[in-house]
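K.L.:
Quick one, what's the 3D model for this:
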Amino acid sequence: MSSAASAPSGVRLTQYAHGGGCACKIPPGELERVVAGLAGPAGTGDLVVGGEDGDDAAVLRIGDGRAIVSTADFFTPVVDDPYDWGRIAAANALSDVYAVGGEPVMALNLLGWPRDALPAELAREVLRGGRDVAAAAGCPIAGGHSIDDPEPKYGLAVTGTADPDRLLRLDAAEPGLPLSLTKPLGIGVLNARHKATGEVFGEAVATMTELNAAAARRALDCGVRCATDVTGFGLLGHLYKLARAGGVTAAVDAAAVPYLDGARQAVRDGFVPGGTRRNLSWVAPHTGFGRIAEEERLLLADAQTSGGLLIAGEIPGGTVIGELLPRGRHALVVR
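P.N.:
Got it, this is the predicted structure:
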């Protein structure tokens, strides 16, 4: 499950950043206050999907039954191995395109690097990891932009295409649909343990570097219209956004949610990212938890990096974790 291995260079990249992966996002409630009124509304003109509901990517209709998908995502090191970090960051950025039902066609590197603290050879390994994952997605990286930065940061700006009449939307939730998850949770707490101890969790790395391409195709083939991906705001945070946008209540069966090996033990040992606790604080006023214990609540709100798709529907390979209900007292119910 884990080992004491670290980066091949002996450098621990996670020690050069205050946070790691999507756990270093600005807290969701704070971010919503900052951008309130600044995002253009979708559904008017050619902007089919925009930022008003906090969608995964923007979708712009360009005619002839096609649309352009655009997104950008970057973060500080989530693992110590530079090549793996590059792969994870690229898979995470590409996921935003898959989460709206698109196909990535081109990407640009976004790199911040502390030139005086870390050798350029490590930056090359990060870029190599990103290149290899993008190549596996059939998405060439055509240059990009870099800056001298006190903390290392890496990600991609991705352009994709989609059928504007066949999208996965955040606001298309309907009562009566099952909720499915395509990757296990627990990435955030395992990454927190890795940052603190140097332990390497191979299953977590494999999960973070897995593309969501196949899951998105299966969702579209099954007629799914509503989905999002699970990243820095945790399962409950992203599910709250989905339920709010669709005017429904989302019910989660806690016992059905899959977790990576070691995730529960990491919480019990105190390896909980600050982003996870902020996520829980954000969704708590909108959630009926009943008798769900604090450990379970933290895992359900755990800040994921390059997590799976959360789908309003049932698809092959997904795990049904709950259902959508008519809007009730709470936007979320955990039982």
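K.L.:
C-alpha only now, for contacts and for neighbours.
P.N.:
Will do.
K.L.:
what about stretch 169-182, average pLDDT?
P.N.:
The pLDDT scores in stretch 169-182 average 96.
K.L.:
my bad, stretch 69-85
P.N.:
The model assigns stretch 69-85 a mean pLDDT of 96.
K.L.:
same thing with stretch 287-296?
P.N.:
Rounded mean pLDDT across stretch 287-296 is 95.
K.L.:
All further residue positions should be reported with the first residue as 329.
P.N.:
Noted, 329 is the first residue going forward, which turns the last one into stretch 615-624.
K.L.:
Now do that stretch: distance from first to last residue.
P.N.:
One end of stretch 615-624 to the other measures 13 Å (Cα to Cα, to the nearest Å).
K.L.:
what do you get for stretch 496-503?
P.N.:
First-to-last residue span, stretch 496-503, Cα to Cα: 16 Å.
K.L.:
May I see the buried residues of it?
P.N.:
Neighbour-count burial for stretch 496-503, counted by 16 or more other Cα atoms under 10 Å, picks out 496, 497, 498, 499, 500, 501, 502, 503.
K.L.:
Reformat those into CSV and put secondary structure and distance to residue 509 next to each item.
P.N.:
Formatted as CSV, the buried residues of stretch 496-503 follow (DSSP: H, G, I helix; E, B strand; the rest coil; distance: Cα to Cα, whole Å):
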residue, secondary structure, distance to residue 509
496, coil, 14
497, strand, 16
498, coil, 15
499, coil, 17
500, coil, 17
501, coil, 15
502, coil, 17
503, coil, 17
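K.L.:
Going by distance to residue 386, which of those wins?
P.N.:
Closest approach to residue 386 among those (Cα to Cα): residue 497, at 10.6 Å.
K.L.:
mind listing what that closest one touches?
P.N.:
The contact partners of residue 497, taken as Cα atoms under 8 Å, 6 or more residues apart in numbering, are 377, 383, 428, 553, 554, 555, 556.
K.L.:
Same check on residue 554?
P.N.:
Taking Cα under 8 Å, 6+ apart as the test, what residue 554 contacts is 495, 496, 497, 498, 499, 500, 501, 639, 640, 641.
K.L.:
got a list of what the second one touches?
P.N.:
The one in question is residue 496. Neighbours of residue 496 in contact, by Cα under 8 Å, 6+ apart: 427, 428, 429, 548, 552, 553, 554, 555, 556.
K.L.:
run the last query once more with 7 Å
P.N.:
By Cα atoms under 7 Å, 6 or more residues apart in numbering, the residues touching residue 496 are 427, 428, 429, 552, 553, 554, 555.
K.L.:
Kindly report the same for the fifth one.
P.N.:
Neighbour list for residue 499: 554, 570, 573, 574 [criterion: Cα under 7 Å, 6+ apart].
K.L.:
Next one: it from residue 556, what distance?
P.N.:
10 Å.
K.L.:
The second one too?
P.N.:
Look at residue 496 and residue 556: by Cα to Cα, they are 8 Å apart.
K.L.:
Now do the shared contacts for these two.
P.N.:
residue 427.
K.L.:
Return the item of the contacts of residue 497 having minimum pLDDT.
P.N.:
Least confident entry in the contacts of residue 497, by pLDDT: residue 383, with 77.
K.L.:
from what I can see residue 505 touches residue 639, true?
P.N.:
No. Applying Cα atoms under 7 Å, one finds residue 505 not in contact with residue 639, separated by 9.4 Å.
K.L.:
more crowded one of the two?
P.N.:
residue 639 (32 against 18; other Cα atoms under 10 Å).
K.L.:
Confirm the more buried one sits in a helix?
P.N.:
No. Counting by DSSP: H, G, I helix; E, B strand; the rest coil, one finds residue 639 to be strand, located in no helix.
K.L.:
Now do the contacts for it.
P.N.:
So residue 639 contacts 507, 508, 509, 554, 555, 556 (Cα under 7 Å, 6+ apart).
K.L.:
Could you find the closest non-adjacent residue to it?
P.N.:
Excluding the flanking residues, the one nearest residue 639 by Cα to Cα, 6 or more residues apart in numbering is residue 555, at 4.4 Å.
K.L.:
What separation do you get for the residue lying closest to residue 641 once chain neighbours are set aside and residue 640?
P.N.:
Leaving aside its sequence neighbours, residue 641 sits nearest to residue 506 (Cα to Cα, 6+ apart; 5.0 Å). Per Cα to Cα, residue 506 is found 6 Å from residue 640.
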